[in-house]
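S.K.: Sharing a model that was predicted from the sequence below.
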Amino acid sequence: MAGINYKSLFAYDKSRKLYHKTITVQNADGTTMRKKFTAKDPKELYNRLHEFEHSGRTTKQFVTVEKMLDLWLEEKERECRHGTLRSYEPTCKQWQPLYAMRVDQLTTDTIQSRLQQMHDDGLSAKTIKTARSCLRMAYDWIRPQYHGALANPVKEAKLPRGMKSTKRHAPTEDETKRIIDSVNCYFGFFYFMLLYTGMRRGELLGLRWDDVGLEMKRINISHGVTFKYGKPIVGPLKTESSVRQIPILPPLLDELQKRRPDDWKGKYVFPAPTDAYSPMPESTLKRHEMHYCIEAGFVKVTEKKRTKKDGSEKVQPAYHSTITPHMMRHGTATLCYEAGVDVMTTAALLGHADTRVTQEIYTDLRQRHQQVELQKLEQYMAENYNKPSQS
C-alpha cells in the first residue's frame, strides 16, 4: 500500500536484524495468549499480520450446539423448500439436551448416547436418521468458519440397533371400495382423484384445469403447492421425475367432465374458498379432510376431557382420521400391482425418482398377498384334514 512507512510500525531487533511485533489473541476456548511475529522485511511482516487478523483462526470462539443449529436453519431457509425446512426444525429440537455444549466439546460418544436415548424414547427410525443428518450437515456447514480447527464427530456416530420402522400401507380392499363409493361426499372427489392418479397431495393442490386435457385424456403435472405458515406457495416440483404426464382413467374422466366449470381457464381444480384462481390454504385443506373422513367413516373416535372455567370437566369426542392423502399413492401402486403393471411404469406414473421405492411397495404387496394365500391354505387344511387317528 503506497504511503505507508512500514518500518515505523514495528520494533527492530538489531542483533537478529528482524522486525517484530507481539499481539494478544483469543483462543477458541476463550483464553488469551501473546503471539510474536517476526520478519526481515517490514512490509512482509505487515502483510502477515494483516492476513492473520482477518483470517479469524484464533479470534473466533466456538458457538454452542443450539447456536450452530439455529444459524444453519437460517441458512437453509434461504435455499430450501419450506416443506423440507418443516421436517428439519422439529428433528433439530431432538438435540435439546446437548444445546448448552460448545461444538468443539461434542464427541462421537455423546452423540451416540443421545441417538440411543431417542430410540429408547420410541422415536421412529426416520426421525432418528433425520436428526443425525441435520446435525452432520450443520457441522459440515460451520466447519469452514474455523479453518479446519473443528472436526465433525457425527460422521462416526452409528444409528441404534433395532430401530422402529414405520411403514405406510395402502388402503385395504374395503377402504378402497369406500373411497370410490364416497366420491360425492364432502371433499370426496379429492381422495377419489388421488387414488386414480397417484398424485401427491401438493401436486393435486397445484393442479389447474388448464393442466387437465380431457380430449387427450392426459394430466400434465409440473407444479405443486407447499405451505409456509399456512399460506399456499405454488412452485416447481422437487425432482425432474416428478414432472410427468399421466393418463386419465375412465372412471376419473367421467367425474372430471361433470365437474369442470364452463369458465375453467386459469382456475384451480381444488381452489381457495373465495378465489378460484388461488390454491387452497392449509387450514381449509385440514378442515375439508377431517370433514370427509367423518362423513365417509374413516375416523377413530376417542374421548377428550376438557376443563371448564368453573373447574368442572366436560368430555368431548376427539376424531382421528384413519386414512391420509399419501395412502392413496400406495393405493394406486396396489391397483397397478393387481393389474400386472411393471415396476418401471408404476414408478413413472407415481413420479418416483428411484425405482427402488416402487420396488419396496411391490415387495410389501407380494408379502401381504402371500400371507393371505397361506392363511387360506391353513384354513383349508384345518377344515378338511383332521389330526391322524391313533391306531
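M.R.: Yes, it's here.
S.K.: Could you use CA atoms for every contact and neighbour count after this?
M.R.: Will do.
S.K.: Now do the contacts for residue 351.
M.R.: Under the criterion of CA atoms under 8 Å, 6 or more residues apart in numbering, the contact list for residue 351 reads 241, 242, 243, 244.
S.K.: check which helix or strand covers residue 127.
M.R.: The secondary structure element spanning residue 127 is helix 125-142 (assigned by DSSP states H and E).
S.K.: mind checking how far that helix is from the chain centre?
M.R.: Helix 125-142 has its C-alpha centroid displaced from the chain centroid by 12 Å (CA atoms, centre = their mean, to the nearest Å).
S.K.: Residues touching that helix, excluding its own?
M.R.: Helix 125-142 has contacts (CA under 8 Å, 6+ apart) with 68-69, 72, 88, 91-92, 94-95, 115, 118-119, 152, 154-155, 159, 163-166.
S.K.: Can you report phi and psi for residue 38?
M.R.: In terms of degrees, to the nearest 10, the main-chain angles of residue 38 are phi -140, psi 150.
S.K.: swap in residue 233?
M.R.: Backbone geometry at residue 233, expressed as degrees, to the nearest 10, gives phi -130, psi 120.
S.K.: partners of it in the sheet?
M.R.: Here residue 233 shows beta-bridge partners residue 226, assigned using DSSP bridges.
S.K.: quick one: it and residue 227, what's the gap?
M.R.: Relative to residue 227, residue 233 is positioned 6 Å away (CA to CA, to the nearest Å).
S.K.: what do you get for residue 354?
M.R.: Counting by CA to CA, the gap between residue 354 and residue 227 amounts to 25 Å.
S.K.: One more: residue 71?
M.R.: Distance of residue 71 to residue 227, given as CA to CA: 22 Å.
S.K.: next one: residue 180
M.R.: Using CA to CA, we find residue 180 at a distance of 28 Å from residue 227.
S.K.: cool, and residue 190?
M.R.: Remark: distance between residue 190 and residue 227 (CA to CA) = 18 Å.
S.K.: And the two? Which one has more around it.
M.R.: In this view residue 190 and residue 227 are compared by other CA atoms under 10 Å, and residue 190 has more residues nearby, 22 against 17.
S.K.: Pretty sure the more buried one sits in a helix.
M.R.: Yes - under DSSP: H, G, I helix; E, B strand; the rest coil, residue 190 sits within a helix.
S.K.: so what's it up against?
M.R.: Contacts here follow CA under 8 Å, 6+ apart; on that basis residue 190 touches residue 270.
S.K.: could I have the helix holding residue 127 exported to CSV, CA atoms only?
M.R.: This file holds the C-alpha atoms of helix 125-142, laid out as CSV (Å, rounded to 0.1, in the frame of the first residue of the first chain):
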residue,chain,number,x,y,z
ALA,A,125,-36.2,-44.7,12.5
LYS,A,126,-36.9,-41.9,10.1
THR,A,127,-36.9,-39.3,12.9
ILE,A,128,-33.6,-40.6,14.3
LYS,A,129,-32.0,-40.7,10.9
THR,A,130,-33.1,-37.2,10.1
ALA,A,131,-31.9,-35.8,13.4
ARG,A,132,-28.4,-37.3,12.8
SER,A,133,-28.4,-36.0,9.2
CYS,A,134,-29.3,-32.4,10.4
LEU,A,135,-26.5,-32.4,13.0
ARG,A,136,-24.0,-33.7,10.5
MET,A,137,-24.9,-31.1,7.8
ALA,A,138,-24.8,-28.3,10.4
TYR,A,139,-21.3,-29.3,11.4
ASP,A,140,-20.2,-29.5,7.8
TRP,A,141,-21.7,-26.1,7.2
ILE,A,142,-20.0,-24.4,10.2
